[in-house]
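[1] what follows is a predicted structure for the sequence shown.
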Amino acid sequence: MKTTQYFQHSRLRPDRADIKDEWIAYVINHPEKELIQQDGRIRRWAKIDEMGGRYLRVVLLENGETVHNAFFDRRFIP
């Protein structure tokens, strides 16, 4: 999985340290929703059953494969 330095640094945060690579890959490959930002970055969301059905947001760079950010999105409404 390709990642940015920002992602590598943010993953050290306690609230993001438990996010598994397999969950990120699942969101990338099976998004329930996708939104392309004005800057070209791609937001994808999917429900993670192992986390009580919370929604994980993964932000990809314009190339669609480099992970820039990943976090559980409390504001997401399916």
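    Done, it's in. The shown structure was predicted, so the numbers you read here are calculated from the model rather than taken from an experiment.

[2] from now on I want contacts and neighbour counts done on CA atoms only, so please keep to that.
    Fine.

[3] for this structure, which spans come out with low pLDDT?
    Across the chain, not a single residue meets the criterion (pLDDT under 70).

[4] what about the helices in it?
    5-10, 21-29 (DSSP state H).

[5] okay if I get those as CSV plus mean neighbour count and distance to residue 72?
    CSV is the format used below for those (neighbours: other C-alpha atoms under 10 Å; distance: least, C-alpha to C-alpha, whole Å):
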stretch, mean neighbour count, distance to residue 72
helix 5-10, 13, 13
helix 21-29, 17, 11
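
[6] now do the contacts for the residue nearest to the spatial centre of the chain.
    In the chain, the centroid-proximal residue (C-alpha atoms, centre = their mean) is residue 58; its distance is 1.6 Å. Residue 58 sits next to 24, 27-28, 43-45, 67-71 when contact means C-alpha atoms under 8 Å, 6 or more residues apart in numbering.

[7] if we can go back for a sec, in JSON lines, list the helices of the chain along with distance to residue 53.
    Formatted as JSON lines, the helices of the chain follow (distance: least, C-alpha to C-alpha, whole Å):
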{"stretch": "helix 5-10", "distance to residue 53": "23"}
{"stretch": "helix 21-29", "distance to residue 53": "12"}
